[in-house]
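J.: Test case, fold it:
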Amino acid sequence: MKSLRSSLQEKIAFLKLKSGDTDAFAFFYDRYVKRIYRFVYIKVSSREIAEDLTQDIFLKVWQHLIDKKDIKSFQAFIFRIAYNTVADHYRRGNRQELPLDYFEETIEETADNQAVSIGKKMDSALLLKQLYQLKSEYREILLLRYVEDLSIEEIAQVIQKDKNNVRVILHRATSKLKEINSGQSRTIGGKAA
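T.: Below you'll find the predicted structure:
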């Protein structure tokens, strides 16, 4: 969750951004570039592609601002552009198989250069593997809500669905993830016994 000061800084920068202030754009770039890269990287599994798409996303944001189109929430807006950019990438037929070391690399990328204990890394890798057992709609909702910390309203804007629909999908995704987790726990427990 954002602190009050952080939220106020973002609102002030957002007002400056709407008036075309390039320093405000730099503020938002610095604030969101890692989060957008992580969001894209988890979806495309390639660092080079994720870097290219992240650059494209910020160019689209800048073009949108130049065209003076209305933006209500910068966070929802940029994740909507990221969501669409990744979808466009796959529509162009750029689908790739996930490399075997993908899950380990993803954990390293999402750790934001912080030291991660082996136990946490293993738990995170297991969680990512469980996430990839979910259908993409569930996976996206969970990532937007719990990794990127978007509100239900912002997620609704990103995926262009009603807030109640988002709540239902989030509930189903969480239930399915718990089901997968408990199934793997029983299997692991059964083998160890």
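J.: tell me which element the residue lying closest to Arg31 once chain neighbours are set aside is part of?
T.: In this structure, Arg31 finds its nearest non-sequential neighbour in Glu10, 7.3 Å apart by Cβ to Cβ, 6 or more residues apart in numbering. Glycine gets a C-beta too; all of them are placed from N, C-alpha and C. If you go by DSSP states H and E, Glu10 is part of helix 4-18.
J.: Excluding residues flanking it in the chain, which one is nearest Leu65?
T.: Leu17 (6.6 Å).
J.: Next, count neighbours for Leu170.
T.: 18 (other Cβ atoms under 10 Å).
J.: how close does it get to Tyr83?
T.: Distance, Leu170 to Tyr83, using Cβ to Cβ, to the nearest Å: 16 Å.
J.: Please name the residues that touch the residue nearest to Leu65.
T.: 24-25, 27-28, 65, 74 (Cβ atoms under 8 Å, 6 or more residues apart in numbering).
J.: hey, which helix or strand in the protein has the poorest pLDDT?
T.: helix 102-110 (a mean of 45; mean pLDDT, DSSP states H and E).
J.: Could I get the pLDDT score of the residue nearest the centre of the chain?
T.: Closest residue to the average C-alpha location of the chain: Phe39 at 3.3 Å, with Cα atoms, centre = their mean. What the model reports as pLDDT for Phe39 is 90.
J.: Arg95 too?
T.: pLDDT, Arg95: 52.
J.: can I see the domain layout of the chain?
T.: Domain assignment for the chain by automatic domain parsing gives 1-97, 99-129, 133-193.
J.: Neighbours of Leu65, how many?
T.: 21.
J.: Secondary structure element for it, which one?
T.: helix 47-66.
J.: Can you point out the buried residues in that helix?
T.: 49-50, 53-54, 56-58, 61, 65 (16 or more other Cβ atoms under 10 Å).
J.: Ok, stretch 172-180 next?
T.: 173, 176-177.
J.: Could you do stretch 145-164 as well?
T.: Buried residues in stretch 145-164 (16+ other Cβ under 10 Å): 145, 148, 150-151, 154-159.
J.: What mean pLDDT does it get?
T.: Stretch 145-164 comes out at a mean pLDDT of 87.
J.: end-to-end on that stretch?
T.: 14 Å (Cα to Cα, to the nearest Å).
J.: what's in contact with that stretch?
T.: Taking Cβ under 8 Å, 6+ apart as the rule, stretch 145-164 contacts 1, 35, 38-39, 72-73, 75-77, 79-80, 83, 110, 140-141, 144, 165-167, 169-170.
J.: Of these, select the buried ones using a ChimeraX command.
T.: Buried subset of the contacts of stretch 145-164, written as a ChimeraX selection, criterion 16+ other Cβ under 10 Å:
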select :35,38,39,73,75,76,77,79,80,83,110,140,141,144,166,169,170
